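# task: produce atomic coordinates for the following.
(one chain, ligands or ions: 1)
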Amino acid sequence: MPDTYTQIATNSIGRKVIQQLGLPAPVILERHEPGDAVVEGTVLLGAAPGGRLAGPIAQVLERVGAEAATELRDDLRTAAADAGLDAAVWNPQAPADQRFKALVFDATGITDSTQLQELHAFFQPTFRRVKSCGRVIVLGTPPEHADSPREATAQRALEGFTRSAGKEARAGTTAQLVYVAPGAEDQLFTTLAFLLSPRSAYVSGQVVRIGEAKDPSTADLVAPLAGKVALVTGAARGIGAAIAQTLHREGATIVGLDVPQLGADLQAGMDSIGGTAIEADITAESAPKDIVAALKKAHKGGIDIVVHNAGITRDKTIGGMKPEGWGLVVDVNLSAEERLNDAFLATDTIKDGGRIVCVSSISGIAGNNGQTNYATSKAGVIGMVQSLAPVLADRDITINAVAPGFIETQMTAKVPLPIRQAGRLMNSMSQGGLPVDVAETIAWYASPGSSGLTGNVVRVCGQSLLGA
Ligand code: NAD
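Modelled structure (predicted):
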């Protein structure tokens with residue numbers, strides 16, 4: 001449910017007043033509904049000459065059934081034809097009312113800063129033609145995989161372009177940069193399907209890194225998680241409840257965990273999706289052993305997906321913070337997750353090829369007044385993801401994080417109104433996100449087709465002005 005300001009801003013009188021006052025003017029973001037197409041409207045595919053991704057992108061567009069267009073260029077027409085993609089030819093002189101739902105640009109051919117002009121050549125005539133809730137996606141080579149310092153420099157420059165494009169885009173349009181390692185050209189499917197679709201409504205200005213994986217990325221578009229079992233901590237309410245529902249919608253069987261005080265809410269939520277409830281405090285000394293036992297009892301063969309969502313805040317500036325206020329936050333948000341991971345890995349409770357997804361926060365990236373404890377714990381979550389990713393690769397287990405910004409939940413409802421309103425408006429979408437936005441991002445990481453994604457931290461914050 002959009003907040004009151006967004007509701008006012010999206011009726012015709014309210015919008016006029018807001019525009020006259022020069023205030024941020026949010027739109028109601030398009031969000032995924034079961035049965036929806038991945039992308040409704042034309043996707044224009046462009047590329048800098050010499051790139052390696054036009055073919056793989058065309059293959060994804062063909063598989064998701066996208067309406068597509070390319071410029072009249074031999075290499076692009078051939079890439080589309082080879083992928084079996086029926087792409088129209090786009091003429092830059094077309095009338096201004098010819099619009100696109102998405103612009104996708106392969107920038108891997110850019111090997112020198114002088115060639116960055118290709119970005120201007122493609123986006124200048126097309127950017128204003130993007131429809132509301134549109135998508136801008138640039139694909140590049142991770143600078144660390146470039147063949148020369150010049151190429152690494154030019155590829156790194158793409159970040160500045162996409163982050164600015166996200167800020168310039170209007171009306172719910174997002175912009176992302178996807179770095180694709182050489183050899184990972186077959187790993188685009190789940191990532192492009194997510195970023196093109198309304199599932200990524202509140203994700204903008206992000207950099208995603210895709211690496212090589214054993215099998216090509218593919219996934220059922222309706223029930224990608226069929227046959228998978230997912231543990232979601234903190235599942236009784238808020239973001240955790242939305243994660244449980246969303247992973248269930250995607251086909252997974254859910255085990256929800258929360259503290260005994262919220263046992264009734266948890267049980268009701270699990271009953272509605274045919275899941276199992278585990279009442280436990282993740283910080284209890286016996287929690288790792290007890291939770292492993294409960295999981296093995298419910299699912300003898302182990303589980304496929306772990307979502308570490310349980311989290312708390314105890315805000316106070318450092319000078320006035322009691323040791324318990326520090327200790328509890330770091331224990332719930334970070335140390336308990338580490339202990340659970342150790343136990344799940346040591347007992348093979350999480351299967352090889354599994355997925356671990358952690359919920360960090362933009363506080364852990366940008367810091368926040370009154371949150372030294374919380375930001376420490378959430379930055380630690382990012383450290384955990386980045387340090388475990390290479391270790392877990394031996395077992396084909398991926399680990400990634402989402403870092404939510406301002407999401408409308410009971411946690412943020414407690415924030416004083418002026419700060420709450422600032423949190424809502426100070427981002428490129430000019431509104432707070434919904435729990436489902438975090439959940440959709442987690443479902444993308446959790447997909448069996450996302451083996452090439454590990455060690456990523458993606459903010460779900462509408463490109464918040466707080467932090468990098
Ligand atoms: P919430 O308070 O509504 O839900 C958190 C859940 O975690 C609750 O059900 C709670 O009982 C459970 N939990 C807390 N301690 C636990 C423990 N020791 N053992 C088991 N369960 C425990 O909060 P939310 O807004 O839904 O937040 C979910 C996650 O998202 C948290 O990790 C939070 O830090 C993170 N986050 C939220 C926002 C936001 O804007 N709401 C922003 C950034 C990050």
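
# what residues does the stretch 301-450 of the chain put near the ligand?
Residues of the stretch 301-450 of the chain lying close to the ligand (CB under 6 Å from any ligand atom) are 309-312, 332, 359, 361, 404, 406-407, 409-412. Just so you know, the C-beta spots here come from the backbone N, C-alpha and C atoms, and that holds for glycine as well.

# okay, those in a markdown table with neighbour count, pLDDT and secondary structure next?
Formatted as a markdown table, those follow (neighbours: other CB atoms under 10 Å; pLDDT from 0 to 100; DSSP: H, G, I helix; E, B strand; the rest coil):
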| residue | neighbour count | pLDDT | secondary structure |
| --- | --- | --- | --- |
| 309 | 28 | 98 | coil |
| 310 | 24 | 98 | coil |
| 311 | 26 | 97 | coil |
| 312 | 15 | 95 | coil |
| 332 | 22 | 98 | helix |
| 359 | 26 | 98 | strand |
| 361 | 27 | 96 | coil |
| 404 | 27 | 96 | strand |
| 406 | 26 | 91 | coil |
| 407 | 23 | 93 | strand |
| 409 | 20 | 87 | coil |
| 410 | 9 | 79 | helix |
| 411 | 15 | 75 | helix |
| 412 | 19 | 81 | helix |
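
# which of these lies closest to the ligand?
The nearest member of these to the ligand, counting by CB to the nearest ligand atom, is residue 311 at 2.2 Å.

# wait, what's in contact with that closest one?
Contacts here follow CB atoms under 8 Å, 6 or more residues apart in numbering; on that basis residue 311 touches 234, 332, 333, 359, 361, 377.

# if you set the cut-off to 10 Å instead, what comes out?
233-234, 238-240, 329, 332-334, 336-337, 358-361, 374, 377-378, 381, 404, 411 (CB atoms under 10 Å, 6 or more residues apart in numbering).

# one step back: widest-spaced pair of the residues of the stretch 301-450 of the chain next to the ligand?
Maximum pairwise distance among these (CB to CB): 20.6 Å, between 332 and 406.

# can you map out the strands along this structure?
Using DSSP state E, the strands of the chain run over residues 42-47, 67-71, 87-90, 100-106, 130-140, 174-180, 206-210, 229-233, 253-258, 276-279, 303-308, 350-359, 398-404, 457-460.

# looking at the ones you listed, which is buried most?
Highest mean neighbour count of the strands of the chain: strand 229-233, a mean of 28 (counted as mean count of other CB atoms under 10 Å).

# so which elements touch that strand?
For strand 229-233, the packing partners by 3 or more CB pairs under 10 Å, 6 or more residues apart in numbering; DSSP states H and E come out as helix 238-249, strand 253-258, strand 276-279, helix 287-298, strand 303-308, helix 336-346, strand 350-359, helix 435-446.

# any chance of the ones you listed in JSON lines, plus distance to residue 168?
JSON lines is the format used below for these (distance: least, CB to CB, whole Å):
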{"stretch": "helix 238-249", "distance to residue 168": "29"}
{"stretch": "strand 253-258", "distance to residue 168": "40"}
{"stretch": "strand 276-279", "distance to residue 168": "46"}
{"stretch": "helix 287-298", "distance to residue 168": "46"}
{"stretch": "strand 303-308", "distance to residue 168": "34"}
{"stretch": "helix 336-346", "distance to residue 168": "37"}
{"stretch": "strand 350-359", "distance to residue 168": "29"}
{"stretch": "helix 435-446", "distance to residue 168": "21"}
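
# coming back round to it: same list (the residues of the stretch 301-450 of the chain next to the ligand) but as CSV, adding distance to residue 198.
Shown next, in CSV, are these (distance: CB to CB, whole Å):
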residue, distance to residue 198
309, 22
310, 28
311, 26
312, 31
332, 32
359, 21
361, 24
404, 18
406, 19
407, 17
409, 20
410, 25
411, 25
412, 22
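
# show me which residues of the stretch 151-300 of the chain sit near the ligand.
Contact residues (CB under 6 Å from any ligand atom) of the stretch 151-300 of the chain with the ligand: 233-234, 236-240, 258-259, 262, 281-283.
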